[in-house]
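**Q** 3D model of this:
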Amino acid sequence: MLLRVLTVLTLMFLTYCIANAQSEEKGSNILPTDSVSTTPVGGNRFINSSKELFFKAVDWFNATDTAYILPNKYNLTLMLEQSTWFEHYRLGISGNDGNQILGFAPKVNTKLGLYFGWRWIFLGYSFDLSSLLKKEREKSRTEMTFNLYSAKFGLDLYYRKSGNDFKITSCKNFDLSDDYIGTNFSGFQSSIKGLNAYYIFKSKKYSYPAAYSQSTNQKKSCGSFMAGFAYSEHRISFDKSKLPEEIQEQINPSSNFRKLNYTDYNISFGYGYNWVFAKNCLLNISLLPAVGYKKARINDMQTTDDYNWTEWVKDINFDLITRAGITWNNRKYYVGATFILHTYDYRKDRISMTNSFGSLKIYAGFNFWKRKK
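**A** Sure, this is the predicted structure:
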């Protein structure tokens, strides 16, 4: 719901900015600059001052060194994208006989999407084509993202909800008579929502948007340190009664939970590098390790350790955000691919959960509506 509201507000904001920009261009051709009628009074003065402040802020956020980065000559872009989404969950269950591990992952799904961008902001919608051709519909997955990129900082908002097509991918420390890898398991569901915000220290020479939103062009190779903050909410449901009977008989008693919900706050610091290996060609790799603090509720009850303030150290875990991108961009047309992987780690005395989700995207698009000099 939050992402939908943000999308609507963003579209309203873009419409407002475009309408006002057009009215300013038309008005400048009618009245001379020394005309008394151009002097703002009252509300008009406030509006004009607000516009001036807004465009100064835009210029400050996008300030770059043109020896390293070329700004986009166009206001808008349209892009077609094929995306492959994947996720994996590794559940560790401790007991007297040791630590048992179960792995679950849904089927990898491929989507086709159409996206529209305006300078900082990218919006779009994608379709899971394979599900449309099936006679028996699976429980649908939901994936929504909102990205905002400028030279100095970036913001990612996301929401993902899994379907019911999980399979068992690993089963360790069990004495089983059969191999259950690949067995369907409908007793696992998950959802995640959150945001990532990050700041680029060397933004005048290093362009993150050149690799991930195609809104600038990197002329020379350069790298930069980055720092960020992230917030996410994870909701996981687990029904062990739907596991194969042989696994149910051996699984540790600490697996008797139905829900695991935790909130993750983390601070990250990492490095990214843009390698210009040929004309109009760019390769980017960035790693942001993060230290996270997680507050959990099991079966809608707060974990007992959380009541003891001396146990707060056990709530600190480590996360990782990995990004890689390659693109060809001649400032009018572009084509490329990106890989993004988020990894979250939650550990307690009896239960641990490492969940990761990522995407591989292949895209092609073009820019239009040339900016005024």
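**Q** Run a quick neighbour tally on the nearest residue to residue 316 once chain neighbours are set aside.
**A** Computed as Cβ to Cβ, 6 or more residues apart in numbering, the closest residue to residue 316 that is not its neighbour in sequence is residue 293, at 5.7 Å. All C-beta atoms are positioned from the backbone trio N, CA, C, and that covers glycine. By other Cβ atoms under 10 Å, the residues close to residue 293 number 14.
**Q** Please tell me how far residue 272 sits from residue 207.
**A** Residue 272 sits 10 Å away from residue 207, going by Cβ to Cβ, to the nearest Å.
**Q** Ok, residue 45 next?
**A** In this view, residue 45 and residue 207 are 36 Å apart by Cβ to Cβ.
**Q** which one of these two has more residues nearby?
**A** The neighbour count for residue 45 versus residue 207, taken as other Cβ under 10 Å, is higher for residue 207 (32 against 11).
**Q** contacting residues around that one?
**A** By Cβ atoms under 8 Å, 6 or more residues apart in numbering, the contact set of residue 207 is 64, 68, 69, 151, 216, 217, 218, 274.
**Q** go on, residue 71?
**A** Going by Cβ under 8 Å, 6+ apart, residue 71 touches 62, 64, 216.
**Q** Any chance of those residues in TSV with secondary structure and neighbour count as columns?
**A** Conversion of those to TSV gives the following (DSSP: H, G, I helix; E, B strand; the rest coil; neighbours: other Cβ atoms under 10 Å):
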residue	secondary structure	neighbour count
62	coil	21
64	coil	20
216	strand	23
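**Q** show me where pLDDT drops low in the protein?
**A** For the chain, the stretches with pLDDT under 70 are 1-43, 55, 57-58, 119-120, 129-140, 300-312, 373.
**Q** Can you give me the distance of the residue nearest in space to the middle of it to residue 288?
**A** Closest residue to the average C-alpha location of the chain: residue 156 at 4.8 Å, with Cα atoms, centre = their mean. Distance, residue 156 to residue 288, using Cβ to Cβ: 12 Å.
**Q** what does residue 343 give?
**A** Distance, residue 343 to residue 288, by Cβ to Cβ: 11 Å.
**Q** Please enumerate the shared neighbours of the two.
**A** Residues touching both residue 343 and residue 288 by Cβ under 8 Å, 6+ apart: 320, 321, 322.
**Q** Between these, which sits nearest residue 284?
**A** Minimum distance to residue 284 across the shared contacts of residue 343 and residue 288 is 11.5 Å, recorded for residue 322 (Cβ to Cβ).
**Q** What is the neighbour count of the closest one?
**A** Residue 322 has 17 neighbouring residues, counting by other Cβ under 10 Å.
**Q** need the helices for the protein, in chain order.
**A** Assigned by DSSP state H, the chain shows helices spanning 2-28, 43-61, 129-133, 209-212, 245-250.
**Q** Show me where the stretch 51-200 of the chain has its strands.
**A** 69-71, 74-95, 98-106, 109-118, 121-127, 142-149, 153-161, 166-172, 188-200 (DSSP state E, counting those that start in this stretch).
**Q** list the helices and strands the fourth one packs on?
**A** This means strand 109-118. Packing partners of strand 109-118 (3 or more Cβ pairs under 8 Å, 6 or more residues apart in numbering; DSSP states H and E): strand 74-95, strand 121-127, helix 129-133.
**Q** Relative to residue 334, which of these is closest?
**A** Each of the helices and strands packed on strand 109-118 has some distance to residue 334 by Cβ to Cβ; the shortest is strand 74-95, at 8.1 Å.
**Q** so what strands line up beside that closest one?
**A** Strand 74-95 has its sheet partners listed here by DSSP bridges as strand 98-106 (antiparallel), strand 109-118 (antiparallel), strand 351-370 (antiparallel).
**Q** Please identify which of the ones you listed is closest to residue 252.
**A** Nearest of the strands paired with strand 74-95 (Cβ to Cβ): strand 98-106, 5.6 Å.
**Q** what's the angle between the closest one and strand 188-200?
**A** 80 degrees (axes from the mean of the first three to the mean of the last three Cα atoms, to 10 degrees).
**Q** So what touches strand 98-106?
**A** Taking Cβ under 8 Å, 6+ apart as the rule, strand 98-106 contacts 86-94, 141, 162-163, 165-174, 185, 188, 247, 250-252.
**Q** Pull out the buried residues from the residues you listed.
**A** With burial judged by 16 or more other Cβ atoms under 10 Å, the buried subset of these is 87-94, 141, 162-163, 165-169, 171, 185, 188, 247, 251-252.
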